[in-house]
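In: sequence unknown, structure follows:
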């Protein structure tokens, strides 16, 4: 049993040596729209980015920063404008955003990461961005963390935050995370904006390997609308303030640390899925009995991404044929004559034979805020999970008029 | 210039020697729900089927029929119930449907194809099916054709039909088609139900090659919701009544015949896309300047399948960033710095630089019933097209309560 503790109300400033802030720079009408996470000392870091061919300008700048020493001390993020598909000017603006931040926070430019989220194809208002950065005063309080968490949101309706503690060498290591994401969510080898802080002592290369592996099981297994964004990025900053012996895969507490980091990422990923644009519920798909974990994950994500499954869930309609249909077009080879499908505990198809079930009970179950779709194959012992949300009138409403 | 004539109001009974019928068998509340297309003589045939792992029972039976002599004389289709994921009983029912039809139309069982469309996972009501088949009296009239075209519809709001004439050896060859499809539309190497009749004289193997090639450019390039059905099938029947010299790829009129068959299929495919569940408009995506036609088709289909593009089109919002985003996650390698995007003639991005454009004019253009998204790459000279529809409140409404 791993000794991992969930910290209720924990944030990105819960790990030692981190502070945060967020202010209203006027990029949006009223809400906070620019924020920062700071570490007292340069932190080792790891990052994953979108695989979309059109990577936004801030991603280039952040990669450039990290490439120098694999260390970061400040992460500055704006919402309202994605600074994506903005050509040379967009790249210059992202570098200017980094330079202003370096000056404001008294750190070298290559210790600064920048991120943007919002409308694609519009230029940043640099006057407002620069003025906003100069107002940022990071503090190590719940209020500072919440200001940051609010500043990065777009169509999100709630803040996303998660925090876990784990003991390494008898020292308490804390991992905190914040994320945003509601639409254009179908991460591929990376995710929407996610920021994880920890006071663990760990080398960047080891952290990078862990992040990559965890991302494939967490952020990459959620979908809201099948659209992979141009701006997806997850950053992890580890500043070593917990003073544990350097973590490696051979460390006796490695499993506990890895699992705590995984829990932070999975927790944030599920919060993004639940807060999908227009969503009324979180859908979790569990696939077991697959030949490989990878195949189980592909099937799970195909089911949770099906528009027909998503609308049926919205209507609390136990239309299991749509689940089977999605399994069938997933591209994974399976035996179509030996599959079991259940919604929660209610079995609808057993060994590919339709089962009589209580429609009323199924409807009641599907009206819950958390719904589990359980699929069992008979190919092997591998498992996978994916998370998403229902497709509702409000998704259409939000996206038929996003720019206006 | 190929001599091909579009026949307005042409149907599946326009080619010589075909008749059709459709009746209400009580599978649905009021609408016609079972129909037949007949050829006076056994017709050579070609077929493509869904690649969904869970192929419905009628597909097995139709494949079995065709495997015997590559000839068909009757095609019997019911709506309301897909007879998919129905196990052994479903297969027995499909064979019984074929046997009843063979008796009713006085043809050998293996000259009968059967098809079903509707809810997955429910058994056919065989009493009603058998009684319905016995009422079918195919006739060579517009009324007979329309009865068939109506009987095969589910959530469709209009009949889909197309007819072209072409001259082969101085003989007039006619090709007529009917199709259904509105939801669960994302055909993969096959399509929703499509039935094409022709009086051309052509061998089954040659027809099969032509159908496969044409399907990839027509039915496989449409999408409504990204869900590939369990029941997709396109059948072509060629009964030779036009008495042309047998068509082969070396025939001097091959190109004209192939093109006419392609036009029938493209025409039906576009009608399915336009009548997508809840749709208010047809979206056509043209991609040019690609390295290969296949890559152009992949990009076109990715754009037209994006939920964010589809909702923007519904809202008449010229949000071209979403188009670029879909190009970027299509998986096709392109130079992100040299792409041009236009809605109709209105250029929004030129060589990857955002262009000023008249928002009002763009809004007006997007309020049309047919909208073209034009994307130009700078990789080569290959082209591709795809068709789809907008994503609306009504799509959610229809699918949140399909079974009830």
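Out: Here it is on my side, so go on. Computed from a predicted model, the values in this text were never measured in an experiment.
In: does any bit of stretch A:54-64 sit next to chain B?
Out: Yes - counting by C-beta under 8 Å from any C-beta of the partner chain, contacts between stretch A:54-64 and chain B involve A:54, A:55. The C-beta positions use only the backbone N, C-alpha and C, and glycine is treated the same way.
In: Contacts for that stretch, please.
Out: Applying C-beta atoms under 8 Å, 6 or more residues apart in numbering or on different chains, the contact partners of stretch A:54-64 are A:47, A:49-50, A:82-86, A:90-91, A:93-95, A:97-98, A:110, A:113-116, A:120, A:230-231, A:233, A:235, B:324-325, B:327-328, B:336.
In: Quick check on residue A:292: phi, psi?
Out: Backbone torsions of residue A:292, given as degrees, to the nearest 10, read phi -140, psi 160.
In: Go ahead and confirm it touches residue A:382.
Out: Yes - between residue A:292 and residue A:382 a contact is recorded at 5.0 Å, counting by C-beta atoms under 8 Å.
In: where does chain A have low pLDDT?
Out: Within chain A, the segments meeting pLDDT under 70 span A:1, A:187-191, A:402-404.
In: Which segments of chain A make up each domain?
Out: A:4-272, A:282-399 (automatic domain parsing).
In: got the end-to-end distance for the longest one?
Out: Its first and final residues considered, domain A:4-272 spans 23 Å by C-alpha to C-alpha, to the nearest Å.
In: Ok, the last one next?
Out: Using C-alpha to C-alpha, the gap from the first to the last residue of domain A:282-399 comes to 20 Å.
In: hang on, the earlier thing: next, format the domains of chain A as TSV and append mean neighbour count.
Out: Shown next, in TSV, are those (neighbours: other C-beta atoms under 10 Å in any protein chain shown):
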stretch	mean neighbour count
domain A:4-272	22
domain A:282-399	20
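In: Make JSON lines from those and add distance to residue B:348 to it.
Out: Converted to JSON lines, these look like this (distance: least, C-beta to C-beta, whole Å):
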{"stretch": "domain A:4-272", "distance to residue B:348": "8"}
{"stretch": "domain A:282-399", "distance to residue B:348": "18"}
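In: wait, is residue A:311 part of a strand?
Out: No - counting by DSSP: H, G, I helix; E, B strand; the rest coil, residue A:311 is not part of a strand but helix.
In: rewinding a little: give me the subset of the contacts of stretch A:54-64 that lies in strands.
Out: Among the contacts of stretch A:54-64, the members found in strands (DSSP state E) are A:47, A:49, A:113, A:114, A:115, A:116, A:233, A:235.
In: Tell me which of the domains of chain A sits nearest to residue B:73.
Out: Ranking the domains of chain A by proximity to residue B:73 (C-beta to C-beta) places domain A:282-399 first, at 30.3 Å.
In: if we compare the domains of chain A, which one ends up closest to residue B:221?
Out: Among these, domain A:282-399 comes nearest to residue B:221, with 16.4 Å by C-beta to C-beta.
In: Closest residue of the stretch 101-250 of chain A to chain B?
Out: residue A:120 (2.6 Å; C-beta to the nearest C-beta).
In: I'd say that residue and residue A:80 touch.
Out: No - counting by C-beta under 8 Å, residue A:80 is not a contact partner of residue A:120; they are 11.9 Å apart.
In: Strands of the stretch 51-200 of chain A, residue ranges please.
Out: With DSSP state E, counting those that start in this stretch, the ranges of strands along the stretch 51-200 of chain A come out as A:71-78, A:112-116, A:160-168, A:171-179, A:193-198.
In: which residues make contact with the last one from outside it?
Out: Contacts of strand A:193-198 with the rest of the structure, by C-beta under 8 Å, 6+ apart, involve A:12-15, A:18, A:37, A:39, A:43, A:75, A:77, A:115, A:117, A:152, A:173-181, A:219, A:231-239, A:242, A:261, A:264-265, A:268.
In: so after it, what's the next helix or strand?
Out: Next along the chain after strand A:193-198, taking DSSP states H and E as the criterion, comes helix A:204-217.
In: other SSEs contacting that next one?
Out: Helix A:204-217 sits against strand A:34-49, strand A:233-238, helix A:254-274, with contacts defined as 3 or more C-beta pairs under 8 Å, 6 or more residues apart in numbering or on different chains; DSSP states H and E.
In: Show me the one of those that comes nearest residue A:367.
Out: Proximity to residue A:367 (C-beta to C-beta) singles out helix A:254-274 among the helices and strands packed on helix A:204-217, at 15.6 Å.
In: Run the chain-centre distance for that closest one.
Out: 9 Å (C-alpha atoms, centre = their mean, to the nearest Å).
In: So which bits of the stretch 151-300 of chain A are right by chain B?
Out: Counting by C-beta under 8 Å from any C-beta, the stretch 151-300 of chain A sits next to chain B at A:183, A:184, A:186, A:188, A:225, A:226, A:227, A:228, A:229, A:230.
In: same thing but 7 Å
Out: Neighbours of chain B within the stretch 151-300 of chain A, by C-beta under 7 Å from any C-beta of the partner chain: A:183, A:184, A:188, A:225, A:226, A:227, A:228, A:229, A:230.
In: residues in contact with the residue nearest to the fifth one when sequence neighbours are not counted?
Out: Distances taken as C-beta to C-beta, 6 or more residues apart in numbering or on different chains place residue A:186 nearest to residue A:226, at 4.8 Å, with adjacent residues excluded. When the contact criterion is C-beta atoms under 7 Å, 6 or more residues apart in numbering or on different chains, the partners of residue A:186 are A:223, A:225, A:226, A:227, A:228.
In: do the same with residue A:299
Out: Contact analysis of residue A:299 by C-beta under 7 Å, 6+ apart lists A:287, A:290, A:327, A:330, A:332, A:375, A:384.
In: Make TSV from the residues you listed and add distance to residue A:106 to it.
Out: Below are these laid out as TSV (distance: C-beta to C-beta, whole Å):
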residue	distance to residue A:106
A:287	50
A:290	52
A:327	55
A:330	52
A:332	53
A:375	54
A:384	46
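In: So which residue of chain A lies furthest out from the middle?
Out: Largest separation from the mean C-alpha position in chain A: residue A:356, at 38.5 Å (C-alpha atoms, centre = their mean).
In: Closest one of the contacts of residue A:186 to residue A:305?
Out: Nearest member of those to residue A:305, counting by C-beta to C-beta, is residue A:223, at 4.5 Å.
In: would you say residue A:384 is within a strand?
Out: Yes - counting by three-state DSSP, residue A:384 is found in a strand.
In: Using JSON lines, lay out the strands of the stretch 51-200 of chain A together with distance to residue B:2.
Out: JSON lines is the format used below for the strands of the stretch 51-200 of chain A (distance: least, C-beta to C-beta, whole Å):
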{"stretch": "strand A:71-78", "distance to residue B:2": "56"}
{"stretch": "strand A:112-116", "distance to residue B:2": "52"}
{"stretch": "strand A:160-168", "distance to residue B:2": "58"}
{"stretch": "strand A:171-179", "distance to residue B:2": "57"}
{"stretch": "strand A:193-198", "distance to residue B:2": "54"}
